[in-house]
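> Sharing a model prediction with you, sequence too.
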Amino acid sequence: MPETVGTGKVNIASIKYYDLIQQMCLMDNELMEACFAGHNDCVQLLVRVILNRDDITVIRSEVQKTLKGIGRSVRLDIYAVDDAGKKYNIEIQRGDKGAVPQRARFNASTIDVNSLKPGEDFTQLPEVYVIFITEHDVLGGNLPLYSIDRQIKENGKCFGDGSHIVYVNGENRDADTALGRLLHDLFTSNPDEMNYSPLAERVSYLKREEEGVIEVSGVMDKLLKEQQKTIALKLIECGELALTKIAECTGLNGQELTDQLA
């Protein structure tokens, strides 16, 4: 439990992970998840600025949404639907390996597989945008943004299948552009330095209010537990360590290890 000060209020600095949370920016998974979960306004801001459109209204959004594919499943950082039925997947990537073009292709195809009910016509597939926001210029073209649509090679016309991929270069933080100002907000740890009020207000709450800090702390605990279970599963599959040793190494209890074997 957090310590209390003489007034009976919680000493916010004593809350678990408080110091780490102060160092985080929205490119960090824990703060990103806490910020955007259940906050359509923040997700809508991302989509509007990146696509340079102010007519998009996000009506539903989720973070860390798992979609089942025909083979493997995929977990989407941010998944959103607008009032026209268009679907958006936003991936926020620190590591370059997580933003390979094949992943964008796979994410889009998995969204497609989950978009049609049995018997529905293929023309009912919604438009889908897969957006990668990357720390580095992973496509190497020195552009602030890369918009990728399928094209007919022979005449240069758009194929028009409704599938769109966008890469946002996180190295571009030009204060003279809306996109550059958004990227600045994603990379700063100080909400007072943010340009966009929906993000500034949300991050300020998560870093400075007791309930907000506890919320981020809970996300961190959840992600840590998931990492522990992933490591435990790999160790179990290797079969080189006893379960007691795996429990000691990962910090999981017996029931949690049993669940991994189920």
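Nice, I can see it.

> Show me the strands in the stretch 151-262 of the chain, by range?
Along the stretch 151-262 of the chain, the segments classed as strands by DSSP state E, counting those that start in this stretch run 163-169.

> so where's it uncertain?
For the stretch 151-262 of the chain, the stretches with pLDDT under 70 are 226-237, 239-262.

> Grab the nearest non-local neighbour of Asp41.
Nearest residue to Asp41, sequence neighbours excluded (C-beta to C-beta, 6 or more residues apart in numbering): Pro198, at 4.9 Å. C-beta: built from backbone N, CA, C; applies to glycine.

> For Ile152, give me its contacts.
Cys158, Phe159 (C-beta atoms under 8 Å, 6 or more residues apart in numbering).

> Quick check: the gap between it and Cys158.
8 Å (C-beta to C-beta, to the nearest Å).

> got it, and Arg103?
According to C-beta to C-beta, Arg103 and Cys158 sit 23 Å apart.

> any idea which helix or strand carries the most centrally placed residue in the chain?
Of all residues in the chain, the one closest to the mean position by C-alpha atoms, centre = their mean is Asp77, 2.8 Å from it. For Asp77, the host element (DSSP states H and E) is strand 74-82.

> And the contacts of the helix or strand following that strand?
Remark: after strand 74-82, the chain's next helix or strand is strand 87-93, criterion DSSP H and E. Residues outside strand 87-93 that contact it (C-beta under 8 Å, 6+ apart): 26-27, 29, 32, 43, 46-47, 58, 76-82, 98-99, 103, 107-108, 111, 115, 126-135, 138, 186.

> which ones among those are found in strands?
58, 76-82, 128-134 (DSSP state E).

> Gly170 is in contact with Leu145, correct?
No. Counting by C-beta atoms under 8 Å, Gly170 is not a contact partner of Leu145; they are 10.7 Å apart.

> Same drill for the two, tell me which one is more crowded.
Gly170 (21 against 17; other C-beta atoms under 10 Å).

> any idea how far that one lies from Gly218?
Taking C-beta to C-beta, one finds Gly170 at 27 Å from Gly218.

> quick one: low-confidence parts of the stretch 1-150 of the chain?
Scanning the stretch 1-150 of the chain with the threshold set as pLDDT under 70 gives 1-10.

> For the nearest residue to Asn29 once chain neighbours are set aside, list the residues it contacts.
For Asn29, ignoring the flanking residues on the chain, the nearest one in space by C-beta to C-beta, 6+ apart is Leu223 at 6.4 Å. Taking C-beta under 8 Å, 6+ apart, we find Leu223 in contact with Asn29, Glu30, Glu33.

> The second one and Gly38: what is the separation?
In other words, Glu30. 16 Å.

> Compare those two and say which is more crowded by neighbours.
Set side by side, Glu30 and Gly38 show more neighbours around Glu30, with 21 against 11, by other C-beta under 10 Å.

> Run through the residues that contact the more buried one.
By C-beta under 8 Å, 6+ apart, the neighbours of Glu30 are Ile21, Met24, Val216, Val219, Met220, Leu223.

> hang on, the earlier thing: filter the contacts of strand 87-93 down to just the buried residues.
Among those, the ones that count as buried by 16 or more other C-beta atoms under 10 Å are 26-27, 29, 32, 43, 46-47, 58, 76-82, 99, 103, 107-108, 111, 128-135, 138, 186.

> Tell me the bridge partners for the nearest residue to Ile111 once chain neighbours are set aside.
Nearest non-adjacent residue to Ile111, counting by C-beta to C-beta, 6+ apart: Val128, 5.2 Å away. Taking DSSP bridges, one obtains Lys87, Ser163 as the residues bridged to Val128.

> With distance to Leu51 added, can I get the contacts of Glu30 in CSV?
Listed next are these as CSV, based on distance: C-beta to C-beta, whole Å:
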residue, distance to Leu51
Ile21, 30
Met24, 26
Val216, 28
Val219, 27
Met220, 31
Leu223, 29
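
> what about stretch 185-195, how long is it end to end?
Stretch 185-195 has an end-to-end distance of 6 Å (C-alpha to C-alpha, to the nearest Å).
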